[in-house]
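# predicted coordinates and the sequence they were generated for:
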There are 2 protein chains.
Amino acid sequence: MRDFSADHRWLSINTATIRRQRGQEVPLARLIDQCAAHGVRAISPWRDQVAAAGLADTARQLKALDIGLSGYCRGGFFPAADTAGLRAALDDNRRAIDEALTLGAPCLVLVVGALPGALEGRPVHKDIARARHEVRDGIAATLAYAREVNLPLAIEPLHPMQAAERACVNTLEQALDLCDELDPARSGLLGVALDAYHCWWDPKLQAQTARAGERRTPQERSRLLAYHVCDWLTPTRDLLNDRGMMGDGVIELRRLRQWVEAAGYEGFAEVEIFSTQDWWQRDGDEVLTTCIERHRTVV
Amino acid sequence: MRDFSADHRWLSINTATIRRQRGQEVPLARLIDQCAAHGVRAISPWRDQVAAAGLADTARQLKALDIGLSGYCRGGFFPAADTAGLRAALDDNRRAIDEALTLGAPCLVLVVGALPGALEGRPVHKDIARARHEVRDGIAATLAYAREVNLPLAIEPLHPMQAAERACVNTLEQALDLCDELDPARSGLLGVALDAYHCWWDPKLQAQTARAGERRTPQERSRLLAYHVCDWLTPTRDLLNDRGMMGDGVIELRRLRQWVEAAGYEGFAEVEIFSTQDWWQRDGDEVLTTCIERHRTVV
């Protein structure tokens, strides 16, 4: 396993982690400057932040500061109430891929979606099997374009508590089954974003992580395209925005990274913390300093 | 599939559903009288309620009213910080079995436990694999006694969002793997309590439900010992106490019962709702009336 204790060269900051500072939304350009000041080599920005900052300007700023991406957040949300909605989702995913290319992202992270309308508290139907079929078809269609332009898609299995609203792909096994169905050749263009927060509880995590890294021939590529960290707090007070800083919860982060690296992963450990009541209330530099310290000591 | 529309003979009320009425704790004897008044044939009471009401008195009251049990809540919580704690948990599970026998329960439901101390917000360690080993050993020891006295144990897989505090058995597949390991003969003394709320999201639920009902010889018994219902709300505002009334959320309850009955289950549909802000604030008779109506129309 790589030694993270001496520096933070393998730290990436998902910009959601510092998008609110002292309770206020902070523009992406400022976040990127803060990351640069802390010697952070990679980030994973969100589409709405990039849209607000301007795609070309963001690309220029990242290049000037020599900051790369560990992923781009996010494509997905394939299921829809009707055909027009399904079509719109595919178009939007094409645009996300184009943006990811412009920013030089190594992959587009897919939060695949679930029951249409559920995110707004008004689910249009309850048929999760239908949603899963639409996700499969949506990824298949998006993958066709991703192949044309050579931009990998990373399916992110979300915690089962997000199954209604955000993603009906909820285990690493399920995500890998999808990958095997849609990309049996393991081309490298379809894989997974493994997030410790979403998957830590899974009794099959070690075995499925090993499966994700399998390469049966030299031509095959690993499915492990991204690795995200934060921590699971006890108690967790909110289903979405109460994630903990690494080391403050119960996830065995060292053990998980051991599994991920044993499976061949050599990329960034990306910190993604949504925390309305705690980290989003703090100073951004304090958050970054803490991320760096925890990256070196507990990730 | 059985027709539930004409009556509520297959409705059971988990007493947690009405233990608080208009925000106030209500004694078990009163709950049982309310259930009897509504023609409810079965309940599943909790140990603390029975202890407060008196075990013998409760047994007498149930008998006088001709109310049976669909289960007894609950054994489990096997993992502990030290050997003394492990021992105490086993002793406590023996007592739970004895109580279940006195009350004529068809099974003792096991919420198996997880990281010791996590429920109190102070996890003693983070080693979920260790907790899972302790759960296996604890069930094995408890099963030995359960066999002596012929009282089935029902492992309840809890939603993964409860993996740190309450149960490190989080999928039906995992529970059935445990059953196969500890009771390969499928004696009927070890099985599962399948709760729609905990398992609805699972992409393997249909296949694993079928597996739970498998009987390869006439001597073998089904693993399906109990079936619990409520609903998953969008949004869900609390990880523990924001369960919905059947029909108010996104779980396809009819489809799930179809799977459960296709696997041979012919028992009660037990309503178990924890709801600090909604159902626990209402009048108990209103809650029971609603349970009955929903049982007939959406379960």
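Done, it's in. All values reported here derive from a predicted model rather than from experimental measurement. Numbers count the residues shown, from 1 in each chain, chains lettered A, B, ... in the order given.
# only C-alpha atoms for contact and neighbour calcs from this point on.
Fine.
# A:Gly188 is in contact with A:Gln219, isn't it?
No - contact criterion C-alpha atoms under 8 Å: A:Gly188 and A:Gln219 do not qualify, at 9.4 Å.
# who has more neighbours, those two?
A:Gly188 (20 against 10; other C-alpha atoms under 10 Å in any protein chain shown).
# quick one: contacts of whichever helix or strand A:Thr58 is part of?
Using DSSP states H and E, A:Thr58 falls within helix A:55-65. With C-alpha atoms under 8 Å, 6 or more residues apart in numbering or on different chains as the test, helix A:55-65 has contacts from A:Ala29, A:Ile32, A:Ala36, A:Val50, A:Gly68, A:Glu99, A:Thr102, A:Leu103.
# switch the residues you listed over to JSON lines; also include secondary structure, pLDDT and distance to B:Asp242.
JSON lines is the format used below for these (DSSP: H, G, I helix; E, B strand; the rest coil; pLDDT from 0 to 100; distance: C-alpha to C-alpha, whole Å):
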{"residue": "A:Ala29", "secondary structure": "helix", "pLDDT": "98", "distance to B:Asp242": "39"}
{"residue": "A:Ile32", "secondary structure": "helix", "pLDDT": "98", "distance to B:Asp242": "39"}
{"residue": "A:Ala36", "secondary structure": "helix", "pLDDT": "98", "distance to B:Asp242": "42"}
{"residue": "A:Val50", "secondary structure": "helix", "pLDDT": "98", "distance to B:Asp242": "36"}
{"residue": "A:Gly68", "secondary structure": "strand", "pLDDT": "98", "distance to B:Asp242": "42"}
{"residue": "A:Glu99", "secondary structure": "helix", "pLDDT": "98", "distance to B:Asp242": "39"}
{"residue": "A:Thr102", "secondary structure": "helix", "pLDDT": "98", "distance to B:Asp242": "43"}
{"residue": "A:Leu103", "secondary structure": "helix", "pLDDT": "98", "distance to B:Asp242": "41"}
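# keeping just the C-alphas, turn the helix holding A:Thr58 into PDB.
The C-alpha trace of helix A:55-65 is given here as PDB (Å, rounded to 0.1, in the frame of the first residue of the first chain):
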ATOM      1  CA  LEU A  55     -16.300  26.100 -18.600                       C
ATOM      2  CA  ALA A  56     -13.400  27.700 -20.600                       C
ATOM      3  CA  ASP A  57     -12.400  29.900 -17.700                       C
ATOM      4  CA  THR A  58     -12.300  27.000 -15.300                       C
ATOM      5  CA  ALA A  59     -10.200  24.900 -17.800                       C
ATOM      6  CA  ARG A  60      -7.800  27.800 -18.100                       C
ATOM      7  CA  GLN A  61      -7.500  28.400 -14.400                       C
ATOM      8  CA  LEU A  62      -6.900  24.700 -13.700                       C
ATOM      9  CA  LYS A  63      -4.200  24.600 -16.400                       C
ATOM     10  CA  ALA A  64      -2.500  27.700 -15.100                       C
ATOM     11  CA  LEU A  65      -2.300  26.300 -11.600                       C
END
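# what does chain A put close to chain B?
Contact residues, chain A versus chain B (C-alpha under 8 Å from any C-alpha of the partner chain): A:118-119, A:121-123, A:125-128, A:159-161, A:163-165, A:168, A:170, A:174, A:201-203, A:234-239, A:250-252.
# so which bits of the host helix or strand of A:Ala100 are buried?
Using DSSP H and E, A:Ala100 falls within helix A:83-103. Neighbour-count burial for helix A:83-103 flags A:86, A:89-90, A:92-94, A:96-101, A:103 (criterion: 16 or more other C-alpha atoms under 10 Å in any protein chain shown).
# now swap in stretch A:290-299 and tell me
For stretch A:290-299, burial by neighbour count (16+ other C-alpha under 10 Å) applies to A:Cys291, A:Ile292, A:Glu293, A:Arg294, A:His295, A:Arg296, A:Val299.
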